[in-house]
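>>> what follows is a predicted protein model with its sequence.
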There are 2 protein chains.
Amino acid sequence: MTHPADDDAAPPRRGGYRKGAERRTQILDEMIRMVAEQGVDASSLRSVAEALGITHAALRHYFPSRDELLLAVYREHEVREQGAPDRLKSAIGDMRDSASRNRAVPGLVQLYTTLAADAVQEGHPATRDFMRERFTRLRADLAALIEADQAAGRIRADLDPVDLASLSIAASDGLQVQWLLDPEAVDGEKVLRLLEQIVPAPPE
Amino acid sequence: MTHPADDDAAPPRRGGYRKGAERRTQILDEMIRMVAEQGVDASSLRSVAEALGITHAALRHYFPSRDELLLAVYREHEVREQGAPDRLKSAIGDMRDSASRNRAVPGLVQLYTTLAADAVQEGHPATRDFMRERFTRLRADLAALIEADQAAGRIRADLDPVDLASLSIAASDGLQVQWLLDPEAVDGEKVLRLLEQIVPAPPE
């Protein structure tokens, strides 16, 4: 499908860097809004060009493939989340806060699940690298918080901090899927509170 | 792409029920082997017809859509797993045994992750129903085992058995993705042993 040419939406010409960057941000804004409202599927990818009144060729100029567009949307969402209050104050509590914010935007949970599924398949090298690095960074960040909790006597010192970090991230990811499929049956925040509760403190 | 007509591979004619069922099983055998070896991607779906020497039309006769083929492969895998030893003997230990068996077949972990991602998107109603029912059943089965452990004094009685079941399933699912992306960094079995270890027994 093609659209009538639209000068404003055409790829930036020589010297149009700022305009190009603005247009790229505008596309990501629109995508985040659409993904949050309607989830990720082929039709929303197609309709983002329509919603912005740009051609598919123009959209492809900024994001040459579906993988690159989805990754850019998720990265932009993460950057905006970093500014959220309560970021990384405590290990499992932080996963819980993040899960709680994600409840408001099921589309972004769908996007995350799509990225995870693409990452473990062949044929999505950029998505695989992104998710692999994301897990590596997240495990290291949470493990550092867990070590601080252990040093402060809040978590038993003999537990492996990286394993506990992997467990918290895995629980949070897995619960999002169960919650999306059956929000009446699964309260992800409540289950993550259970995990926080059973992580043992040192003996008195 | 088409293949020369092959009588043996044609859809079953009137009275060919048994032959049809055999051919269906043969297709599933081949798919399980291919998915276990090469993972799920578009090319393996296309190549299963080639590998069996049947036409795409014949394959579509048995499995009218990609979703139906993927679901049938996963269901068949589950049925075969049911016969595995140590099935559902203890709550979290069972998830651990299953994770350990899945390590041998990363392609089936990819298949599971694909089904989960499809299930949370629009446009895959059969996959959504299957995964939703699978989680409902799994939570109930594990919760019953946890209640038995609570009655026997092995797990503290004030913990919600369904929440603990959700947590174990979520951890197992999430760890499979982390492990697939980074097998050197994440040992899913070891992390599930950590979860088993921190689930508290009643006070003496």
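It's in.

>>> need the helix or strand of chain A with the lowest average pLDDT.
helix A:91-102 (a mean of 67; mean pLDDT, DSSP states H and E).

>>> for the very next helix or strand once past it, packing partners?
Counting by DSSP states H and E, the next helix or strand C-terminal to helix A:91-102 is helix A:106-119. With contacts defined as 3 or more CB pairs under 8 Å, 6 or more residues apart in numbering or on different chains; DSSP states H and E, the packing partners of helix A:106-119 are helix A:17-38, helix A:66-82, helix A:125-151, helix A:161-181, helix B:106-119, helix B:161-181. For the C-beta atoms, the positions are set from N, CA and C on the backbone; glycine is no exception.

>>> redo those helices as a markdown table? Include mean neighbour count.
A markdown table is the format used below for the helices and strands packed on helix A:106-119 (neighbours: other CB atoms under 10 Å in any protein chain shown):
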| stretch | mean neighbour count |
| --- | --- |
| helix A:17-38 | 16 |
| helix A:66-82 | 17 |
| helix A:125-151 | 17 |
| helix A:161-181 | 25 |
| helix B:106-119 | 23 |
| helix B:161-181 | 25 |
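
>>> could you report the pLDDT at A:Ala144?
What the model reports as pLDDT for A:Ala144 is 94.

>>> same question, A:Ala9
47.

>>> with A:Glu68 instead?
For A:Glu68, the predicted pLDDT is 89.

>>> nearest to B:Arg139, of the helices and strands packed on helix A:106-119?
helix B:161-181 (4.6 Å; CB to CB).

>>> before we move on, what SS does the residue of chain A most remote from its centre have?
Relative to the C-alpha centroid of chain A, counting by CA atoms, centre = their mean, A:Glu204 is the outermost residue, at 39.2 Å. Three-state assignment for A:Glu204 (DSSP: H, G, I helix; E, B strand; the rest coil): coil.

>>> and it, how far is that from chain B?
Taking CB to the nearest CB, to the nearest Å as the measure, A:Glu204 falls 13 Å from chain B.

>>> returning to that earlier point: turn the helices and strands packed on helix A:106-119 into JSON lines, including distance to B:Leu194.
Formatted as JSON lines, these follow (distance: least, CB to CB, whole Å):
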{"stretch": "helix A:17-38", "distance to B:Leu194": "34"}
{"stretch": "helix A:66-82", "distance to B:Leu194": "27"}
{"stretch": "helix A:125-151", "distance to B:Leu194": "12"}
{"stretch": "helix A:161-181", "distance to B:Leu194": "5"}
{"stretch": "helix B:106-119", "distance to B:Leu194": "20"}
{"stretch": "helix B:161-181", "distance to B:Leu194": "9"}
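
>>> A:Val105 is nearest to which of those helices?
Here helix A:17-38 is closest among the helices and strands packed on helix A:106-119 (CB to CB), at 4.3 Å.

>>> distance from the chain centre to that closest one, please.
16 Å (CA atoms, centre = their mean, to the nearest Å).

>>> before we move on, what about stretch A:133-152?
For stretch A:133-152, the distance to the chain centre is 18 Å (CA atoms, centre = their mean).

>>> repeat for stretch A:174-186
17 Å.

>>> what's in contact with that stretch?
Contacts of stretch A:174-186 with the rest of the structure, by CB atoms under 8 Å, 6 or more residues apart in numbering or on different chains, involve A:99, A:102-103, A:106, A:109-110, A:112-113, A:187-188, A:191-192, B:116, B:119-120, B:128, B:131-132, B:135-136, B:139, B:166-167, B:169-174.

>>> hmm, back to that, what about the residue farthest from the centre of chain A, distance to A:Arg156?
12 Å (CB to CB, to the nearest Å).

>>> please apply the same query to A:Asp129.
A:Asp129 is 35 Å from A:Arg156, by CB to CB.

>>> and what of A:Gly20?
53 Å.

>>> also A:Pro200?
From A:Pro200 to A:Arg156 the distance is 5 Å (CB to CB).

>>> for these two, list the residues in contact with both.
Joint contacts of A:Pro200 and A:Arg156 (CB under 8 Å, 6+ apart) do not exist.

>>> any idea how chain A splits into domains?
A:1-64, A:67-197 (automatic domain parsing).

>>> lowest average pLDDT across these?
domain A:1-64 (a mean of 72).

>>> and A:Ala58, how many neighbours?
A:Ala58 has 21 neighbouring residues, counting by other CB atoms under 10 Å in any protein chain shown.

>>> what's the distance between it and chain B?
Counting by CB to the nearest CB - A:Ala58 and chain B are separated by 26 Å.

>>> verify the stated contact: that residue with A:Val48.
No: contact criterion CB atoms under 8 Å: A:Ala58 and A:Val48 do not qualify, at 11.0 Å.

>>> contacting residues for the nearest residue to A:Glu37 once chain neighbours are set aside?
In space, not counting the residues next to it along the chain, A:Glu37 is nearest to A:Gly107; the distance is 6.2 Å by CB to CB, 6 or more residues apart in numbering or on different chains. By CB under 8 Å, 6+ apart, the contact list for A:Gly107 reads A:Met34, A:Val35, A:Ala36, A:Glu37, A:Gln38, A:Gly39, A:Val40.

>>> max pairwise distance over these: which two?
The widest separation within the contacts of A:Gly107 (CB to CB) is 11.2 Å, between A:Glu37 and A:Val40.

>>> mind checking the SS state of A:Glu184?
Quick answer, by three-state DSSP: A:Glu184 is coil.
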